[in-house]
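J.: no FASTA, just this:
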Ligand code: GLN
């Protein structure tokens, strides 16, 4: 398999770098708007620990919403099923930063991956602590999962999003008005913006995702039952209102971020990370999705 995987990854990277349409970088966070979009990287770690990559696998990118998988794992570890009294587990069928849905549903976010749900999840992780302590736990979790301490928060990205995060402030204040925020909105959002600003390479991200492959793979981070549940949420909600299309085209649980990264899991087999900063209309990496589709097809990887 190793040789085949290597060949497939190189073919995908070569073909996609000739693309004519790279999508559109996120422009509502100025630091992300400045990232050149014609970049591509992919890495796969198989269950036996072998790592293969192609493209700009040494370049760090902003993980953004992919960090929501890790904060969700931490929140469930801290407060168990109590989180589900504050957030639902249904696909949203709406944009990741939708305000209208939150109002219609009385401040109860659809799922932990849309922004409103992730803000509540971060609020649960914060739990009255200083933001720096919660951030140390989040960063520590990702470093332990990746077995790599060279993973950091990009403070300029966090600052840039704080200065332009009006929509997230609106969501946080609306949540607070409904009694669904335990900490002051500024504190929860500060923590949220900072964990979204964690940056890593595709290799580091694929390594950090190993615990989601299944029992006995990578460092033990959460119980096998929780691994299955995290994968279920990634499959149904990980790409916002593009989740159905991603499931149809790729067939793997995955989480995207507006930095252009995607983490996908082949249960029992592998962890895949891809990065290309240009996004599609749903805010998911355009070429990243194409690469995942090609890789899953070539390797015959699907949960279906
Ligand atoms: N930090 C980003 C935001 O809140 C994360 C969104 C995303 O990656 N989809 O808008």
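T.: Sure thing, it's come through. Bear in mind that the values here come from a model prediction, so they are computed numbers and not experimental data. Residues are numbered from 1 along each chain as shown.

J.: residues contacting the nearest residue to residue 22 once chain neighbours are set aside?
T.: With CB to CB, 6 or more residues apart in numbering as the criterion, residue 22 has its nearest non-adjacent residue at 3.8 Å, and that residue is residue 278. C-beta: built from backbone N, CA, C; applies to glycine. Neighbour list for residue 278: 21, 22, 23, 24, 25, 37, 38, 260, 285, 286, 287 [criterion: CB atoms under 8 Å, 6 or more residues apart in numbering].

J.: among those, which are in reach of the ligand?
T.: Counting by CB under 6 Å from any ligand atom, nothing from those sits close to the ligand.

J.: If you rank these by neighbours, which is first?
T.: If you count neighbours using other CB atoms under 10 Å, the busiest of those is residue 260, which has 31 neighbours.

J.: where exactly do the strands run in the stretch 51-200 of the chain?
T.: 51-55, 61-62, 152-153, 198-200 (DSSP state E, counting those that start in this stretch).

J.: Deepest-packed of these, please.
T.: Neighbour counts (mean count of other CB atoms under 10 Å) averaged over each of the strands of the stretch 51-200 of the chain peak at strand 61-62, with a mean of 28.

J.: just checking, what packs against it?
T.: With contacts taken as 3 or more CB pairs under 8 Å, 6 or more residues apart in numbering; DSSP states H and E, strand 61-62 sits against strand 198-200.

J.: can you tell me which residues contact residue 153?
T.: Counted by CB under 8 Å, 6+ apart, residue 153 has contacts 135, 139, 194, 195, 197, 198, 199.

J.: for residue 150, that is, sorry about that
T.: residue 204.

J.: picking that back up, in JSON lines: the contacts of residue 278, plus secondary structure, distance to residue 244 and pLDDT.
T.: JSON lines is the format used below for these (DSSP: H, G, I helix; E, B strand; the rest coil; distance: CB to CB, whole Å; pLDDT from 0 to 100):
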{"residue": "21", "secondary structure": "coil", "distance to residue 244": "22", "pLDDT": "96"}
{"residue": "22", "secondary structure": "coil", "distance to residue 244": "24", "pLDDT": "97"}
{"residue": "23", "secondary structure": "coil", "distance to residue 244": "19", "pLDDT": "97"}
{"residue": "24", "secondary structure": "strand", "distance to residue 244": "21", "pLDDT": "97"}
{"residue": "25", "secondary structure": "coil", "distance to residue 244": "24", "pLDDT": "97"}
{"residue": "37", "secondary structure": "coil", "distance to residue 244": "25", "pLDDT": "95"}
{"residue": "38", "secondary structure": "coil", "distance to residue 244": "28", "pLDDT": "96"}
{"residue": "260", "secondary structure": "coil", "distance to residue 244": "21", "pLDDT": "98"}
{"residue": "285", "secondary structure": "strand", "distance to residue 244": "17", "pLDDT": "98"}
{"residue": "286", "secondary structure": "helix", "distance to residue 244": "17", "pLDDT": "98"}
{"residue": "287", "secondary structure": "helix", "distance to residue 244": "20", "pLDDT": "98"}
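
J.: can you pull the buried residues of stretch 149-168?
T.: For stretch 149-168, burial by neighbour count (16 or more other CB atoms under 10 Å) applies to 151, 153, 154, 157, 158, 160, 161, 162, 165, 168.

J.: Nearest residue to the fourth one in space, ignoring adjacent ones along the chain?
T.: In this structure, residue 157 finds its nearest non-sequential neighbour in residue 197, 4.0 Å apart by CB to CB, 6+ apart.

J.: Need phi/psi at that neighbour.
T.: Note on residue 197: its backbone torsions stand at phi -90, psi 10 [degrees, to the nearest 10].

J.: So what's the residue count around it?
T.: Residue 197 is flanked by 27 other residues according to other CB under 10 Å.

J.: Surely it touches residue 154?
T.: Yes: between residue 197 and residue 154 there is a contact under CB atoms under 8 Å: 4.9 Å.

J.: Name the residues contacting each of these two.
T.: With CB under 8 Å, 6+ apart as the test, residue 197 and residue 154 both reach residue 62.
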